[in-house]
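>>> The following block contains a protein sequence and its predicted model.
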Amino acid sequence: MNKLLNVSFAVGLMSVLSPSLALASQCDVAVPDEQTKVGETRLSVLFWDVYDARLFTTNGDFDWQQRKQQRKTLVLDYLRDIKAADLVDKTAEEWQRLGFDHQDQQQWLDTLNQIWPNIKEGDCLALVENEDGHADFYQGDKLLGTIENSTFTEQFLAIWLSPESRYEDERDELTGASS
């Protein structure tokens, strides 16, 4: 009985001291069973840890040139509070930096503003590319919404997966390009 109490106390203490560790897998339920992890990384900006990211594909590999050949899932486990509006603004900023200018872009951003919640430390968001190439967004096992446009999915994932990604080292870790 004491051993069980000690284990319960240790798990509880871990979740208080490290919420991201205790909750890091809450979005894993959204990852399709047939997908395998390609890579993972942590984004830190200056001295702030922002999120841990994991990429999954059907064969556990990723090649930018072959990106349309397989479905992908991107899981972001947040390590700090972030307002949904800030995430949407950052998405628009990254698209502009990457040179993306699609006629539906503002509509996509408006949809993201509607479906994304404000993030608390320990929350996660997952983009699951469905069979049609559309983006299903999850928080844990809850479907937040879908953007039914494969160009959106490609441009959104390019923020992390493109060779022109802002954070090259993290992109390489995420895509398995670094060894």
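Yes, it's here. Numbers count the residues shown, from 1 in each chain.

>>> From now on I want contacts and neighbour counts done on CA atoms only, so please keep to that.
Noted.

>>> can you give me the helices for the protein?
Along the chain, counting by DSSP state H, helices occupy 2-17, 19-23, 84-98, 105-115, 150-161, 168-175.

>>> average pLDDT across the longest one?
Think helix 2-17. Averaged across helix 2-17, pLDDT comes to 39.

>>> and what of stretch 62-74?
92.

>>> Over to stretch 26-43?
The pLDDT scores in stretch 26-43 average 91.

>>> any idea how far K142 is from Y78?
16 Å (CA to CA, to the nearest Å).

>>> what about those two, which has more around it?
Y78 (25 against 12; other CA atoms under 10 Å).

>>> Just list whatever residues bridge to that one.
Y51 (DSSP bridges).

>>> OK, contacts around it?
For Y78, the contact set (CA atoms under 8 Å, 6 or more residues apart in numbering) comprises S20, V50, Y51, D52, I119, K120, E121, G122, D123, C124.

>>> Generate a markdown table for those, with neighbour count as supplementary columns.
Conversion of the contacts of Y78 to a markdown table gives the following (neighbours: other CA atoms under 10 Å):
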| residue | neighbour count |
| --- | --- |
| S20 | 22 |
| V50 | 18 |
| Y51 | 22 |
| D52 | 20 |
| I119 | 19 |
| K120 | 13 |
| E121 | 17 |
| G122 | 22 |
| D123 | 25 |
| C124 | 25 |
